[in-house]
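*Asks:* Got a predicted structure plus its sequence, pasted below:
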Amino acid sequence: MTDLPQPDLPQPDLPQPDLPLADLPLADLPLAVLWDMDGTLVDTEPYWISTEYELAERYGGSWSEAHALNLVGNDLRVSAAYIRQHMGIDLEIDEIVEALLDGVVRKVQAEVPWRPGAVDLIDRIRASGIPCALVTMSYDRFVAPILAQLPPETFRVVVTGDRVVQGKPHPEPYLTAAAALGVPASDCLAIEDSNTGAKSAEAAGCLVLVVENHVPVLPTERRVFADTLEGIDLAAVWAVRA
């Protein structure tokens, strides 16, 4: 994949915090943290991609890595329409969605592939009293086995692709999560790994912490980049919006 041009935007140093989050002034922290799931909390993109190839093989279609990467972060029905067009299989959109979910649910039930530092960061955020929401374009039945591996009420709000009218990159998913938590989206930090998700969060008014995974993400003034979630200094990230 051709490297995208990178504007010369300042990026903060993100060291391990000196103080526990609970000891920092509330003004130095977001009112809520809104998490993407696929590629951010868990590295399930390979599960989706392998399931897409299985679908192509089962129904006599053709597929490529480039096509698969074009779907990262998308609403499932948008992805299914793309698959129907580019894979060349004679299935309805809803049938493709269900076939994809069948495959990835089986895989995640066998093993949840957590992203490095994700669970530790959630634990630190929750210990500080900051609420978290999950904002994913995956559907309930795929999200459920992942949430089952976390403590109850880890996410006070869960917004899935089958609960919104317009998925990412539209701002509706993030606006829905912030409203359900009772906080302005502009006072929330979103954590994302894709351009599609980052656009959604930005359009809602969030600051976005980006940890790239399978696809490159363009920098903007409201995106803070880190190589990993391990050792993230939440106060340093949040200070970028000042």
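*Replies:* Noted; the coordinates are in hand.
*Asks:* Which positions within the longest helix belonging to the chain qualify as buried?
*Replies:* Secondary structure of the chain per DSSP state H: the longest helix is helix 93-110. For helix 93-110, the neighbour count (16 or more other CB atoms under 10 Å) marks 93, 96-101, 103-105, 107-108 as buried. (C-beta placed from N, C-alpha, C; glycine too.)
*Asks:* Packing partners of the very next helix or strand once past it?
*Replies:* For helix 93-110, the following helix or strand on the C-terminal side (DSSP states H and E) is helix 118-127. Using 3 or more CB pairs under 8 Å, 6 or more residues apart in numbering; DSSP states H and E as the contact test, the elements touching helix 118-127 are strand 132-135, helix 234-238.
*Asks:* Can you tell me what sits against helix 118-127?
*Replies:* Contact with helix 118-127 is made by 20-22, 33, 35, 40-42, 132, 150, 154, 229-230, 232, 234, as judged by CB atoms under 8 Å, 6 or more residues apart in numbering.
*Asks:* Need the mean per-residue confidence for that helix.
*Replies:* Helix 118-127 shows a mean pLDDT of 95.
*Asks:* what comes up buried for that helix?
*Replies:* With burial defined by 16+ other CB under 10 Å, the residues of helix 118-127 counted as buried are 118-119, 121-122, 124-126.
*Asks:* And those, which is closest to residue 65?
*Replies:* Using CB to CB, residue 118 comes nearest to residue 65 of those, at 24.7 Å.
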